[in-house]
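J.: Need coordinates for the following:
(one chain, ligands or ions: 1)
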Amino acid sequence: MNFTLKIWRQQNRTSKGKFIEYQAINISPDMSFLEMLDAVNRDLTKKSEDNIAFDHDCREGICGSCGLFINGRAHGPQRGVTTCELRMRHFVDGTTITVEPWRSRAFPVIKDLVVDRTAFERIIQAGGYVSVDTGSAPEASSIPVPKANADEAMDAAACIGCGACAAACKNSSPMLFLSAKVSQFALLPQGNAERRIRVQQMVKQMDEDGFGLCSNTYACEVECPKKISVVHIARMNREFLRAKFL
Ligand code: FES
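T.: Residues are numbered from 1 along each chain as shown. Got it, this is the predicted structure:
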C-alpha cells in the first residue's frame, strides 16, 4: 500500500506549525499506524532529515500515550482502538491521510505530533487515589462489593487517560476521563474516604488547567478507544452535587 501523508510539523511549543507532505511507500496492510510512521521516519533518517516526533510506549492499547488526530478523528477511523492498534488495512490504498496532534489548549504541542498531557496527571494527583490502612493485607472477602458495582467500576477503570475525549470535544472537555476516575472509586467502598473531596478537587484542577465543560455532544464517547460511557459523566455530576450539598 502507498499513502500520501499530510503531517503537522512544529518545532516546539512556541513556533508556528504547518502541514508537510510525505510519501509512505510499500506499507504492509498489517502494519499498525505507528509502524507506518516508523517506516516513514526510516526513510527520513536515510535522507538525513529530521524525524517526525510522535508519542508511544506500550503499542498495545494500554498506556494511552499514542493519541493522534487522523483524518479528523481521534485515534483514526476505527471505533474502540488506539492509534497503536489501528492497522493500515483500514485505509484505502493510494489515499491521502492527514495526521495532527491533539488539539486542546490544555495539551500544548511539544514537537510535531507530541503534546504535553501533564494536565491529566495533575487531575489524577488532585483526587485519583484512595487511602489505605497500613499493616497486613485485609481478608479478601471482608469488604463485600455488589457484582454490578464491581463490573461498572471495572468498565470505568478501563480508561487509559489518552486524552481523546478532550481532543474530540468542541469544548475541550475531559469529563469522560475525569468521570471515569470519579466513577471507579464512587462505585467501590474503598473510595469512600475521599468521596467528597475527590470530585471537587478534580473538577477544580480541570478548570485551572483550562479545559472546558461538557455540553453533551457525546463526541467523547464515540472517539474513546476504551468505549467509556457518558453514563459516568452523569454519575460524576451527581457526585459533585452530593459533595456540595450533602
Ligand atoms: S502506545 Fe500505549 S496505548 Fe498506544
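
J.: how many neighbours does Gln205 have?
T.: 20 (other C-beta atoms under 10 Å). Every C-beta, even on glycine, is put in place using the N, C-alpha and C of the backbone.

J.: what's the answer for Gln11, then?
T.: 13.

J.: now do Val40
T.: 19.

J.: before we move on, what SS does it have?
T.: helix (DSSP: H, G, I helix; E, B strand; the rest coil).

J.: I'd assumed Ile20 was in contact with it.
T.: No. Between Val40 and Ile20 there is no contact under C-beta atoms under 8 Å: 11.2 Å.

J.: For this protein, what lies in contact range of the ligand?
T.: Residues of the chain lying near the ligand by C-beta under 6 Å from any ligand atom: 56-59, 61-66, 82-84.

J.: residues in contact with the spatially most central residue of the chain?
T.: By C-alpha atoms, centre = their mean, the chain has its centre lying nearest to Cys162, at 1.7 Å. Taking C-beta atoms under 8 Å, 6 or more residues apart in numbering, we find Cys162 in contact with 64-67, 75, 82, 225.

J.: Start and end of stretch 132-139, how far apart?
T.: 14 Å (C-alpha to C-alpha, to the nearest Å).

J.: all numbers from here: first residue = 49
T.: Yes, from this point I'll number from 49; that puts the last item at stretch 180-187.

J.: Check the offset of that stretch from the chain's centre.
T.: In terms of C-alpha atoms, centre = their mean, to the nearest Å, the gap separating the centre of stretch 180-187 from the centre of its chain is 33 Å.

J.: who's in contact with it?
T.: Gln238.

J.: ok, now stretch 148-165?
T.: With contact meaning C-beta under 8 Å, 6+ apart, stretch 148-165 is reached by 55-61, 65, 100-103, 113, 115-117, 122, 147, 167, 209, 211-212, 214-215, 220, 222, 257-259.
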